[in-house]
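Q: here is a sequence with its predicted model. Questions after.
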Amino acid sequence: MSYQFNDIEAKWQKYWAEHQTFKAENNSDKPKYYVLDMFPYPSGAGLHVGHPLGYIASDIYARFKRHQGYNVLHPQGYDSFGLPAEQYAIQTGQHPAITTATNIKRYREQLDKIGFSFDWSREVRTSNPEYYKWTQWIFIQLFNSWYNIDTGKAEDITNLISKFEAEGNKNVNAACDDDTEAFSAAEWNAFSSEDKQTILLKYRLTYLAETEVNWCPALGTVLANDEIVNGVSERGGHPVIRKKMTQWSMRISAYAERLLQGLDTIDWPEPLKESQRNWIGKSVGAAVKFKVDGHEDWIEVFTTRPDTIFGATFMTLAPEHDLVSKIVTDAQRAEVEAYIEATAKRSERERMADVKTISGVFTGAYVLHPFNGEKLPIWIGDYVLAGYGTGAVMAVPCGDQRDYDFTRFFAGKEGMPEIVNIFEGVDISEEAFADKEKTIIGNSDFLNGLTYKEAVKRAIEELEKIEQGQGKINYRLRDAVFSRQRYWGEPFPVYYVNGMPQMIDLKHLPLELPEVEKYLPTETGEPPLGNAEVWAWDTNTNTVVSNTLVTSSGVEKPQEDNGIYPLELNTMPGWAGSSYYFNRYMDSENTNEVFSKEAIDYWKQVDLYIGGSEHATGHLLYARFWQKFLFDKGIVPVDEFAKKLINQGMILGTSAIVYRVSGTNKYVSKNLKHDYEVEELRVDVNMINASDEVDIEALKNWQPQFKDAEFILEDGKYIVGREAEKMSKRWFNVVNPDDICENYGADTLRLYEMFLGPLEQAKPWNTAGISGVHSFLKKLWKLYHNGEEFNVSDEAPSKDSLKTLHKTIKKVTQDIDTFSFNTSVSSFMIAVNELTAQKCNSREILEPLAIIISPYAPHIAEELWSKLGHEQSITFAAFPEFDEKHLVESTKEYPVSFNGKMRFKIELPLDMGKEEIEKIILEDERTQNQLQGRVPKKVIVVHGKIVNVVG
């Protein structure tokens, strides 16, 4: 009976779906294990063979844990809000929901064909109102909370209001806006309602503020830093500029220290944790205030080197700093404004990454040194960012190389003083001196002769005495902008009364996206929701109503006179729905709450999370922030959402390259290209065979440029070049998993993806290599069959077969536990080869063999298990346990040599003594033939190794 993989896989996929084999229960006597993949965005292109890599790995582990007796939760869903569907809507007018549903249908078909053990009963889609109702609810919880630094957690905003009413804010230690002014209880109680709401926005964990943002005019929206690559939008490659807008923001900065400390409690890859540490960017130093000469304003800077304060020679502000326009002199104004305009065209990431370009402009203004009153010129430079720290830098050229280079570059220009050396015994003629350990301060008044640590402590003490500074811990992490000027995203559950945001009550959620005629911003520049005709909140009926109210006389009346208020026009960013979806899976059908206490207390957190490292400072950071907030509010039982994280590597496409002779329509084969000046073009890999030969007729029909082309062949063939690079439609190197499943089977695809190499590493795809894995599965099938007959006996197995089985059990168990899936596939191949050679057909061997292969190749394992007489799925069969006794050698095959030349081998018990071995060897007929009647001089026996007959 041949291996009919298409029929077998269709049969068992249908069985799993009908029996809901992988459905997890929220209460079980079994121990729980939660395995999760970072859920996909359903793009129109569908899956290519690179996408399932992490899914296959997580599926192997989920199936393995079921075999070990765990109640396994392994859900799947879709991160279904996103720019591509909206861009398609702009181009075609088709509603993004229709595009998204079509794409999801395609994804589901592809995922099902690969045989994943997902619990589809828990599927979530972030764009479904039933799901984003809870995204909106969490947003409201954040709005109604503040961060109490004294207790180290988020608390209800009503507690803060009570403090204000009783004692003002002087004794409140909270995470809040830097410009929050002090007020007494009497002042608070006298404030108007609008004033109180404005003040509370400075404390809320989600708040409205005018913020410097990355604005992409072509996409009509704000982008997060991680959505920008090389100064342009990741989606579409459009220019991005910096501009100020009133936006919703999340006060993630309040959690900076806890996000840092939490990294020590989770088993995540160290490079990823280091990325988060760098992104959070903790620094210890001092805040120093400088008075602006001739103005009432002060500029605060943060410095990690307050010991070098007497080496400060100028100050640099971010070009977008609020004070720049106020302090710039008339003489410098034109140059300053031109510089600001140019800087706005560069993203923050581009400015941070560019360490070579030196640019800046003198403002004409000065600050006064806090200790000696010297006037220090104020410059602006794009290496200073408004959102990091205070947007101002105290420049100490003698101790900082960037300040040193800046000073040298502008030496002799107005407003650029000479470098002052404050380090004893150090030459700074060529470069700045930054060695803290060797620092001895000089030329610095009361700091003279002090070491780095001594001088830091003394400088902070003196700054505090004159009330112009204090010790401070600073973080690079900035609050996350939470608004997008898009249609296809979660609506904010917010309406405005007199310009102040008000939350819609939970019982009226979800607030669903309205219909719009156009998905572009309005003619007046409002986000796409501004196109909606029905998008206002009626507080009388708690429903969405028309934006305009027309009287019988046809005159529009102000809506707010009638209790009807404008709704928020922005939508939430793509990371909103993915910041808690792992918790929603625990109780995804619950319509009354985000999840029940019973469900969250049972599953607690993800035990194994698999996904890409590119999410290190985006999704993975935001999700940790939301988890910690929900923990503070008593909504979740743990403050880290994933115990263990693995970053899978990338499967690279093996691109096919043809070589066009420059200036012609001739294409020369790879090994002849050195005789010509050529240009490289990528072509569709599906036209290339295993020998790297292109199908010329297919190529001619593929694109018009090849139709009449001339091909210069080698030995009658056109051989393409190959290059491993990211699998992408752009490079025509995408391989469709559907084709692999159709031609070789899903089990072959699963095994091959694991066989390519270690899970965490990048590895190139080569379809030609898949035939070897497919041949293995045919051999596995043949092991259980004799021709057309299923052939498994109840006879006792041989010692060799038991040894083969148990060394495989041992290796595969170790491999799965350490996520070394590639070496397991090799072990399976070795085992099947050995058992085939042993002519093994023993049930005692072949039954456990089917189980250990099952996580990797579940379809064939299910079929064999069924043929072995089992009515239930192999899914919950106990994983075989390794028995050491079968690997203990009881005999040894001794090579027998005569005068150093090996002549034959003999198998003897390992516990046999030397004298007995010598006796058996000398009596052996083969020995007699070698000796020809001679008496040997001696017999050397090296126990457990060799026998050598001398003489």
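A: Structure's in. What do you need?
Q: neighbours of residue 827, how many?
A: Residue 827 has 18 neighbours, counted by other C-beta atoms under 10 Å. Quick note: C-beta positions are derived from backbone N, CA and C, even for glycine.
Q: then the one 10 residues further on?
A: Neighbouring residues of residue 837 were enumerated by other C-beta under 10 Å; the total is 10.
Q: and what of residue 182?
A: By other C-beta under 10 Å, 9 other residues sit near residue 182.
Q: if I look at it, how far off is residue 175?
A: Applying C-beta to C-beta, to the nearest Å, the value for residue 182 to residue 175 is 16 Å.
Q: and residue 768, by the same measure?
A: According to C-beta to C-beta, residue 768 stands 58 Å off from residue 175.
Q: repeat that for residue 937.
A: On the measure of C-beta to C-beta, residue 937 and residue 175 end up 91 Å apart.
Q: neighbour count winner among these two?
A: residue 175 (19 against 9).
Q: so that one sits against residue 150, correct?
A: No. Using C-beta atoms under 8 Å, residue 175 is not in contact with residue 150, being 11.1 Å away.
Q: where does the stretch 201-350 of the chain have low pLDDT?
A: The stretch 201-350 of the chain contains residues with pLDDT under 70 at 226.
Q: same thing but 80
A: Along the stretch 201-350 of the chain, segments meeting pLDDT under 80 span 211-213, 220-231, 234-235, 242-243, 347-350.
Q: ditto for the stretch 1-150 of the chain
A: Under the criterion pLDDT under 80, the flagged ranges of the stretch 1-150 of the chain are 1.
Q: all helices of it, in order?
A: 5-19, 52-67, 83-92, 96-113, 129-143 (DSSP state H, counting those that start in this stretch).
Q: of these, flag the one that's most buried.
A: helix 52-67 (a mean of 24; mean count of other C-beta atoms under 10 Å).
Q: who does residue 571 bridge with?
A: Taking DSSP bridges as the rule, residue 571 bridges to residue 484, residue 491.
Q: surely residue 487 touches residue 517?
A: No. Applying C-beta under 8 Å, one finds residue 487 not in contact with residue 517, separated by 11.0 Å.
Q: the more surrounded of the two?
A: A direct count of neighbours by other C-beta under 10 Å for residue 487 and residue 517 places residue 487 higher, at 28 against 10.
Q: show me the contacts for that one.
A: 86, 89, 96, 513, 516, 519, 527-529, 571 (C-beta atoms under 8 Å, 6 or more residues apart in numbering).
Q: one more time with 10 Å
A: Taking C-beta atoms under 10 Å, 6 or more residues apart in numbering as the contact definition, residue 487 lies against 81, 85-86, 89-90, 95-96, 220-221, 513-514, 516, 518-521, 527-529, 531-532, 571.
Q: likewise for residue 508?
A: Counting by C-beta under 10 Å, 6+ apart, the residues that residue 508 touches are 493, 537, 541-544.
Q: sorry, back to before: could you save the helices of the stretch 1-150 of the chain as a markdown table and add columns showing distance to residue 597?
A: Shown next, in a markdown table, are the helices of the stretch 1-150 of the chain (distance: least, C-beta to C-beta, whole Å):
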| stretch | distance to residue 597 |
| --- | --- |
| helix 5-19 | 30 |
| helix 52-67 | 25 |
| helix 83-92 | 35 |
| helix 96-113 | 31 |
| helix 129-143 | 15 |
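Q: and of those helices, who's closest to residue 653?
A: helix 52-67 (12.9 Å; C-beta to C-beta).
Q: pLDDT wise, what is the residue nearest to the spatial centre of the chain at?
A: Nearest to the geometric centre of the chain sits residue 615, at 2.3 Å (C-alpha atoms, centre = their mean). Model confidence at residue 615, given as pLDDT, is 92.
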